[in-house]
Each structure stands twice: as C-alpha cells, then as structure tokens.
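In: 3D, please:
(one chain, ligands or ions: 1)
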Amino acid sequence: MSDFLDRPNALFAARPEPLRVQRRFLALLFLTRADCGRSQTSDAGRIRRIPMTRLILLLALLTSTACATLGEGDPARDLHFDSIVVDGHSDTTPRFARSDWDFAERHDDTDGDMDLPRIREGGLDVQFWSVYTGKLAAPGDGLRIALERIDAVHEMARRNPEDVVVAYSVAELREAVDDGRFVSLMGIEGGHIIEENLAALRLFHRLGVRYLTLTHSFNTTWADSSGTTSIPEPTHDGLTDFGRDVVLEMNRLGMLVDISHVSDATFFDAVETSRAPVIASHSSVRAVADHTRNMSDEMLRALAANGGVVMINFYPAYIDEETTRATTAWFKEHGPTLMERRKALAEDPQRLAEERAAFFEANPVPVCDLDVLLDHFDHAIEIAGPDHVGIGADWDGVISMPAGMEDVTRLPDLTAGLLARGHSRKTVRKVLGENVLRTLEEAERVAAEIASESAAAP
Ligand SMILES: [Zn+2]
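Out: A predicted model of the protein is given here:
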C-alpha cells in the first residue's frame, strides 16, 4: 500500500470513474468533435499526406456549425494531427496479455485510458509502454515478468500488423508514423527489474527497450528513490559505482536514462555520469505542486543543460497539492474496503465490476482541472526551455486524470490549451514529440560514438 498513489490500479481491474456525470458530458462534447473528424477523414494520422483533406475539412467547417469551433479546421487540431505526438509513459501493458481485452477494440472511458481506436482519435503517434513490476518476491521474478511484458507488447503489434509497429530506432519510428502506423516503444520502470545484471540490460535493449527508469518508488541496491507517498531514507546518497556503470552501459547501448522516480541525489549523479541526454518519462514540477515525484527548478535547469526532456505527468494527486491531500484521504477512507471486495470477489469479476462502478459513483475520486496541468507545462517551458519539455501522462498507471483529460482521446485539448497559453506552434510541436525524439536520436548518436571510440582503441 505504500505505493498506492503511484500504482493505485493494483486495487482495481480498471480505472474507476471519478466524476461520472461531468465525464459523460465532456465525452459527449468530444464525440461531437471526433465525429466531425471521422466524417472527413478515416485516418487522422494520414491528414498530413492528403492536402485535399484540408479543402474538404474547410468546406465541412463552413457548412457545419456543430463543428465550427471544435472540428478539423481548428488550428490547434490541425497542428496536433500534423505533429508527431509521443507519450513517455503508459501502464496499459499488462492488458495486452489478457484474453478478455482487445487493444484493437474501443472501450468505454471507465475501462482504462487507451486502446487503438481511442489512440487514433487522440492523435497519439508513439507510446512508450511501461514494463513494470513491483518489489520482487523471488530472484528471477524481475527478468521473467519483464520478458512476459515485452512479449505482450510484441504480440499486440503482431496481432495488429496494419496499425502497430515496434520501432528500434528513430528512423524506423519516423518512417512508420509517415506510413500512418502507431509506434510502440518500451521502457523498463525500475532498476530492480534488471536484478543487478548488465547482460539483462543488454538483452532488453535488443528486444526493443529504449529507456530504463533507474528506480521505482523504493531504493535499489544501486540507486536511491524519491518515493511516492513518503521519501525513503537514502542508502547510497545517489548512485553507487555499479549504478554509474548501469548509466554508462545504457549510453553504450543507446538506451535513454530515465530519472522519474529517483531521488534528487540520484538525479544529479545520473546527469553528471551520462554522456547522453536523460529524460524524466513521467514527472511534473515542484514550483506548481511540491511533491517528491516532481522536479525542482534546479533540476529542470540541470536537465536542460544536459540536453534532456521532462515529460509532464498528468496525475492530479501529483500535480495539485489540494488534490494530493484529498486523494490521500480518499485512499485512507476507501482503500481497505476496495482491497477487501477485490479479494472477496476474485472469482466473480462481473459482480466485482458492478460493485466497483456503484462504489465509484457514490465516492468520486478527487481530480483537478486541465488548467493545473497546463501550469506545469508553462513552468517547465519557462525554466527548462521549449526544447526540454514533453508529455508523460502515466495512462492506466494512476487512478484519475484531470477533468478535461479523461482519456487519450482528449490529447488534442492539450495542444489547444498550450496554444491558448501563448506558446508558439513551433514550441508546441516540440513539446508534443520532437523534443523526446531528439533525445533518442542523441542517445543513438552517443552509442555510435562510443562504438567508434572502442573500435579505435588499441
Ligand atoms: Zn511511475
């Protein structure tokens, strides 16, 4: 339970509905907008290659008052679907292995945050899937579970060959996006998962893993964590020598070093050690919400100097202090009941789902507004600069999303919000994806440089 603010979905089979009436209303609004889109193009991802579509959209805009403010002719929507949109962190991964859940089918927004139809509707082009497991019960568990999760991602792609591809480089990624395909990347969340084994790290890279989060919410044997609900006692004052070896091996491989979840000392050690830019795959900023999972201004400046990117986390309990308090109180009050019902109804998922729906309707999970999320983007862009900010929503890894960002279909509203805050189209395009693609390209370049250095060595 010490981890529940970051992994609350361990309590549930699916995301509960925090504000049922409001969400339905907002979903209806979005459907209006999305329906406008679908009537004009069958695949939003291909808009950029079909200029005629623009003309059709313009005509549709002129003839449809329903779509006049929200439809495809909207400049924010155009920018969104014309950019490569990358998200740094999703915990949908375990669902890929479930026989009762199909990535290719559309699900209600009470049933998780994303699936392929909703990803298309939200204009998301690239997702880093989180390969995660908590503290290991026995030696070997980290490697076994990670392999199962990685396999599940590849199997999901195999089942959807027309739509999904696992990319191994930025060049492959860009080609796939140009072909209108959704790109799957992977990141391992928690250095404990490699079980102190650099061979495992290398093999994970060969299987397509492109970042490793150095810790989850607890210290590893080689790196200190930031914790989530409380800060663990530091045991290494950052990275140990082996921890630095892990970072250097990642540089050699071309794998991004992810500093979300690490302690401040680990962050500064990682930045100092790494030859390539580091990323925070799903972290926000402390100046807006003083939470241990967020980054201080000093860290944002160091990240920018390193060439890295902070990918802003959407979780209301991280990004809004009042919501943090309300969510903690909510879990204190309801967590034990939910755990008990989940255990009691383990054999009856249908009844559990019904009970859960009724429970969340009666006990809404606290959320904040989209404006708060935009405050985090504003501050990160101001302090780190427009080249060092990205998106790391934490889809399906947290219990709630801000009002107005209920699931991945709402992503175009983030683009609209950033433009409305006065950020240039150039900046927004970078934040949507180009910044993190630059770090991945840079990691590839550093790996090639290291390879040529060792080839030249006597
Ligand atoms: Zn996380």
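In: just how off-centre is stretch 287-296 within its chain?
Out: Averaged C-alpha coordinates place stretch 287-296 at 18 Å from its chain's average position (CA atoms, centre = their mean, to the nearest Å).
In: how long is that stretch end to end?
Out: 7 Å (CA to CA, to the nearest Å).
In: Report pLDDT for the closest residue to Glu442 other than its chain neighbours.
Out: Nearest residue to Glu442 in three dimensions, chain neighbours excluded: Pro277, at 5.3 Å (CB to CB, 6 or more residues apart in numbering). (Each C-beta comes from the backbone N, C-alpha and C, glycine too.) Predicted confidence (pLDDT) for Pro277: 98.
In: Please give me every residue in contact with Pro277.
Out: Taking CB atoms under 8 Å, 6 or more residues apart in numbering, we find Pro277 in contact with Leu256, Asn306, Gly307, Gly308, Val309, Arg438, Thr439, Glu442, Ala443.
In: same question, Pro402
Out: Contacts of Pro402 by CB under 8 Å, 6+ apart are Phe314, Pro316, Ile319, Val367, Cys368, Asp369, Leu370, Val372, Leu373.
In: Around the fifth one, count how many other residues there are.
Out: Counted with other CB atoms under 10 Å, the neighbours of Cys368 add up to 26.
In: What residues of the top helix by length along the chain count as buried?
Out: Longest helix of the chain, by residue count under DSSP state H: helix 321-344. Within helix 321-344, the residues that count as buried by 16 or more other CB atoms under 10 Å are Thr323, Thr324, Ala326, Thr327, Thr328, Trp330, Phe331, His334, Leu338, Arg341, Arg342.
In: quick one: low-confidence ranges for the stretch 1-150 of the chain?
Out: The model of the stretch 1-150 of the chain has pLDDT under 70 over residues 1-70.
In: just the strands in it please.
Out: Using DSSP state E, counting those that start in this stretch, the strands of the stretch 1-150 of the chain run over 86-90, 126-132.
In: okay if I get these as TSV plus distance to Asp111 and mean neighbour count?
Out: TSV is the format used below for the strands of the stretch 1-150 of the chain (distance: least, CB to CB, whole Å; neighbours: other CB atoms under 10 Å):
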stretch	distance to Asp111	mean neighbour count
strand 86-90	15	28
strand 126-132	18	26
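In: Which one of the ones you listed lies nearest to Asp264?
Out: The closest of the strands of the stretch 1-150 of the chain to Asp264 is strand 86-90. By CB to CB, the value is 20.0 Å.
In: any idea of the angle the closest one forms with strand 126-132?
Out: Interaxial angle, strand 86-90 versus strand 126-132 (axes from the mean of the first three to the mean of the last three CA atoms, to 10 degrees): 20 degrees.
In: Please report the number of neighbouring residues for Arg351.
Out: 12.
In: host element of it?
Out: helix 349-362 (DSSP states H and E).
In: tell me the angle of whichever helix or strand comes after that helix relative to helix 321-344?
Out: Using DSSP H and E, the helix or strand that follows helix 349-362 in sequence is helix 370-384. Angle of helix 370-384 versus helix 321-344, following the same axes, to 10 degrees, is 120 degrees.
In: what's downstream of helix 370-384, the next helix or strand?
Out: strand 389-391.
In: nearest residue to the most centrally placed residue in the chain other than its sequence neighbours?
Out: In the chain, the residue lying closest to the centroid (CA atoms, centre = their mean) is His89, at 2.2 Å. Leaving aside its sequence neighbours, His89 sits nearest to His282 (CB to CB, 6+ apart; 3.7 Å).
In: Show the contacting residues for the one you found.
Out: Gly88, His89, Ser260, Met311, Asn313, Gly392, Ala393, Asp394, Gly397.
In: any idea how far Ser130 is from it?
Out: 9 Å (CB to CB, to the nearest Å).
In: Tell me which of the strands of the stretch 1-150 of the chain lies nearest to Phe267.
Out: strand 86-90 (16.1 Å).
In: quick revisit: list buried residues within the contacts of Pro277.
Out: Buried, going by 16+ other CB under 10 Å: Leu256, Asn306, Gly307, Gly308, Val309, Arg438, Thr439, Glu442, Ala443, out of the contacts of Pro277.
In: Now, the residues you listed that are in strands?
Out: Counting by DSSP state E, the buried ones among the contacts of Pro277 place Leu256, Val309 in strands.
In: Nearest to Ala137 among the buried ones among the contacts of Pro277?
Out: Leu256 (28.3 Å).
In: Export stretch 228-241 to PDB, keeping only CA atoms.
Out: Extracted C-alpha coordinates of stretch 228-241, given in PDB (Å, rounded to 0.1, in the frame of the first residue of the first chain):
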ATOM      1  CA  THR A 228       5.800   8.500  -3.800                       C
ATOM      2  CA  THR A 229       3.800   8.900  -0.600                       C
ATOM      3  CA  SER A 230       6.900   9.300   1.600                       C
ATOM      4  CA  ILE A 231      10.600   9.700   0.900                       C
ATOM      5  CA  PRO A 232      12.700   6.600   1.600                       C
ATOM      6  CA  GLU A 233      15.800   7.000   3.800                       C
ATOM      7  CA  PRO A 234      18.700   7.400   1.300                       C
ATOM      8  CA  THR A 235      21.000   4.400   1.400                       C
ATOM      9  CA  HIS A 236      23.600   5.400  -1.300                       C
ATOM     10  CA  ASP A 237      23.400   9.200  -1.500                       C
ATOM     11  CA  GLY A 238      22.500   8.800  -5.200                       C
ATOM     12  CA  LEU A 239      24.100   6.300  -7.400                       C
ATOM     13  CA  THR A 240      26.700   3.700  -6.400                       C
ATOM     14  CA  ASP A 241      29.600   2.800  -8.600                       C
END
